[in-house]
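Colleague: here is my input, please return the structure:
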Amino acid sequence: MKLSYVRAFQGALTAIAAIGMTSTAAFADIKDYKFELVDQAIQTGPDKVIAVKLINTRTGKPVPDAVIFATRLDMAPDGMQEMATKIAQMPGGEPGVYRFKANVSMAGRWQLSLGAKVQGETGTVENKLVITAGK
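Modeller: Numbers count the residues shown, from 1 in each chain. Sure thing, here's the model as predicted:
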């Protein structure tokens, strides 16, 4: 009777170890994450909202709770990288969607550069997205 408990305990430990190994392998590589624009175009003006979605490209699922530490909005696509504007992250929203407020003073193509850390991953997600501003 004692031997059957020992074998059951060993079996349970083996199962737990196997589950632990497969859950570790489930994490994605930092290259498997990217930002996508929610809307490709915005209107010019003060306090315009730009929304992006951070997704895991392997699963297609949105990634909530990333720490965004680098943001820049400039007109580099139109050859005017010195034409930059302040950008501020806004709180709240749908999980995996990150919103920013900016003064989009001129019509044209604007480049949004983002850097973020994803919880449980090493490395940094970096993307440059082009959004078109119209009057």
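
Colleague: quick check: longest strand of the protein.
Modeller: Longest strand in the chain, counting residues (DSSP state E): strand 45-56.

Colleague: distance of the spatially most central residue of the chain relative to residue 107?
Modeller: For the chain, residue 54 is the residue whose C-alpha lies nearest the centre (C-alpha atoms, centre = their mean; 3.0 Å). Residue 54 sits at a distance of 27 Å from residue 107 (criterion: C-beta to C-beta, to the nearest Å). Glycine gets a C-beta too; all of them are placed from N, C-alpha and C.

Colleague: before we move on, back to that, chain center to the longest strand of the chain, what's the gap?
Modeller: Here the centre of strand 45-56 is set off from its chain's centre by 12 Å, with C-alpha atoms, centre = their mean, to the nearest Å.

Colleague: check stretch 111-128 too.
Modeller: 6 Å.

Colleague: same thing with stretch 32-39?
Modeller: For stretch 32-39 - counting by C-alpha atoms, centre = their mean - the centre lies 7 Å from the chain centre.

Colleague: now do stretch 30-44
Modeller: Worked out by C-alpha atoms, centre = their mean, stretch 30-44 lies 9 Å from the chain centre.

Colleague: next: stretch 57-73.
Modeller: Using C-alpha atoms, centre = their mean, the offset of stretch 57-73 from its chain centre is 1 Å.

Colleague: does the closest residue to residue 110 other than its chain neighbours belong to a helix, a strand or coil?
Modeller: Leaving aside its sequence neighbours, residue 110 sits nearest to residue 131 (C-beta to C-beta, 6 or more residues apart in numbering; 5.3 Å). Per DSSP: H, G, I helix; E, B strand; the rest coil, the local secondary structure of residue 131 is strand.
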